[in-house]
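**Q** This is the structure alone, sequence omitted:
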C-alpha cells in the first residue's frame, strides 16, 4: 500500500513539473516573439 502512495505522489510530481516546464517554455516563446517584434519595429 505504501508503494502505491509513492507512485501516486511521483506521477503527481511529474505532472506538476511537466506543467511548470511547459509554462517556462511558453514564456520563453513569448519572449522570443516580443524580441522579434521589437527588432522589426526598429528596422
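**A** Thanks, I have it. Remember, predicted model here, so these are calculated numbers, not experimental data.
**Q** can you list the weak-confidence ranges in this protein?
**A** 1-2, 43 (pLDDT under 70).
**Q** Now with 80, please.
**A** 1-7, 43 (pLDDT under 80).
**Q** ranges for the helices of it?
**A** 2-42 (DSSP state H).
**Q** separation between residue 3 and residue 10?
**A** For residue 3, the distance to residue 10 (Cβ to Cβ, to the nearest Å) stands at 10 Å. Backbone N, C-alpha and C define where each C-beta goes, glycine included.
**Q** what is in contact with these two at once?
**A** Counting by Cβ atoms under 8 Å, 6 or more residues apart in numbering, residue 3 and residue 10 have no shared contacts at all.
**Q** Residue 17: neighbour count?
**A** 10 (other Cβ atoms under 10 Å).
**Q** mind listing what it touches?
**A** Applying Cβ under 8 Å, 6+ apart, we find residue 17 in contact with no residue.
**Q** Could you report the separation of it from residue 6?
**A** 16 Å.
**Q** Check residue 41 too.
**A** In terms of Cβ to Cβ, residue 41 sits 52 Å off from residue 6.
**Q** Next: residue 24.
**A** 26 Å.
**Q** same check, this time on residue 25
**A** Going from residue 25 to residue 6 by Cβ to Cβ gives 28 Å.
**Q** cool, and residue 15?
**A** 15 Å.
**Q** Pull the distance from stretch 25-43 to the chain's centre.
**A** Put simply, stretch 25-43 sits 18 Å off its chain's centre (Cα atoms, centre = their mean, to the nearest Å).
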